[in-house]
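Enquirer: Sequence first, predicted coordinates after that:
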Amino acid sequence: MKRFLIIFGLLLIFASIVSAETVKITNPVNDYADIFTAQEEQQLNQILLTIFNSKIAEYSIVTINSLEGKSIDGYSLELAQGHLGDSEKNNGLLLLIALEEKKYRFEVGRGVEYIINDAKIGRVGRTYMVPYFKEEQYGAGAVQASLAIQAILLGDTNSTYYVDEPVNARFNLRINLVYIIFIFILILIPTIIGGFRSKHRKDKYFDAAAGAIILFGGRRRGGSGGGFSGGSFGGFGGGGFGGGGAGGSW
């Protein structure tokens, strides 16, 4: 009898594991937490499909009941990496909503970070989503945030949802600091080793420093753009994500 109870218990555990829902990105809207009405889900699908058809990004929304002890950053990155976006263009964009923890996270693919940077996507969440989430109006918040994302990606500056933030402001600050330190080292090292003993060598040194300034200046101004391509929804190729994005709680 005891052996039977043990076997029965193990079977129940196994059955619960097998029947447990595996969270995957299979559709534009993946509402595992069941927080959207049918009408809200239809509206979200229309927005996400418009973004997809623009061939700029592949945007998907996933809702879950709980993170089950995982960090939302790691969960969203694991969910998106290799499963969302074009594998060559890395243009995936994910919104993950964890109901029990009252947390959300936008994961932005490398290929669209230059359009919708951390500052922009962070502001979208705080401005258009969190106020609705606090009132448990999850569908309305997701719709408002998605309309803002659509306006940013499509460059619709006339839209009331459009959000403008400096692109790569922190990156430029880091580059400037590296640039200053590099020039300082160029000046300091010759002083430590005794300096230059002739005008000719000084001239060569300053020529090198000037060349470094031009080199770094040229790199900071560099940039590139390109087109996008896509197929039908549901054919997610699996783009790359570098941890860009933003999140928060309500």
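Expert: Thanks, I have the structure now. Numbering: from 1, shown residues only.
Enquirer: When you work out contacts or count neighbours from here on, use the C-alpha atoms and nothing else.
Expert: Noted.
Enquirer: Dump the C-alpha coordinates for the helix or strand containing Gln39 into PDB.
Expert: Using DSSP states H and E, Gln39 sits in helix 38-53. What follows is helix 38-53 as a C-alpha-only set of coordinates in PDB (Å, rounded to 0.1, in the frame of the first residue of the first chain):
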ATOM      1  CA  ALA A  38     -10.700  39.400 -26.500                       C
ATOM      2  CA  GLN A  39     -11.200  43.000 -27.700                       C
ATOM      3  CA  GLU A  40      -7.900  44.200 -26.200                       C
ATOM      4  CA  GLU A  41      -6.000  41.300 -27.600                       C
ATOM      5  CA  GLN A  42      -7.400  42.000 -31.000                       C
ATOM      6  CA  GLN A  43      -6.400  45.600 -30.800                       C
ATOM      7  CA  LEU A  44      -2.900  44.700 -29.700                       C
ATOM      8  CA  ASN A  45      -2.600  42.200 -32.500                       C
ATOM      9  CA  GLN A  46      -3.500  44.900 -35.000                       C
ATOM     10  CA  ILE A  47      -0.800  47.300 -33.600                       C
ATOM     11  CA  LEU A  48       1.800  44.600 -33.500                       C
ATOM     12  CA  LEU A  49       1.000  43.500 -37.000                       C
ATOM     13  CA  THR A  50       1.300  47.000 -38.300                       C
ATOM     14  CA  ILE A  51       4.800  47.200 -36.800                       C
ATOM     15  CA  PHE A  52       5.700  43.800 -38.300                       C
ATOM     16  CA  ASN A  53       4.500  44.800 -41.700                       C
END
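Enquirer: what's downstream of that helix, the next helix or strand?
Expert: Assigned by DSSP H and E, the successor of helix 38-53 is strand 58-64.
Enquirer: Report the strands that pair with that following strand, each with its relative direction.
Expert: Partners of strand 58-64 in the sheet, by DSSP bridges, are strand 29-31 (parallel), strand 92-98 (parallel).
Enquirer: which other helices and strands contact the next helix or strand after the longest one?
Expert: On the C-terminal side of strand 92-98, the nearest following helix or strand under DSSP H and E is strand 103-109. In this structure, strand 103-109 packs against helix 72-80, strand 92-98, strand 241-249, with contacts taken as 3 or more C-alpha pairs under 8 Å, 6 or more residues apart in numbering; DSSP states H and E.
Enquirer: The ones you listed: which one's closest to Asp118?
Expert: Closest to Asp118 of the helices and strands packed on strand 103-109 is strand 241-249 (C-alpha to C-alpha; 4.9 Å).
Enquirer: What residues does Asn45 make contact with?
Expert: 28-29 (C-alpha atoms under 8 Å, 6 or more residues apart in numbering).
Enquirer: What of Val108?
Expert: Applying C-alpha under 8 Å, 6+ apart as the definition, the contact partners of Val108 turn out to be 91-94, 116, 241-245.
Enquirer: Quick check: beta-bridge partners of it?
Expert: Residues in beta-bridge contact with Val108 (DSSP bridges): Leu93, Gly244.
Enquirer: any idea how far it is from Lys134?
Expert: Distance of Val108 to Lys134, computed by C-alpha to C-alpha, to the nearest Å: 24 Å.
Enquirer: With Leu95 instead?
Expert: 17 Å.
Enquirer: Comparing those two, which residue is more hemmed in?
Expert: Comparing Leu95 with Lys134 by other C-alpha atoms under 10 Å, the one with more neighbours is Leu95, at 24 against 13.
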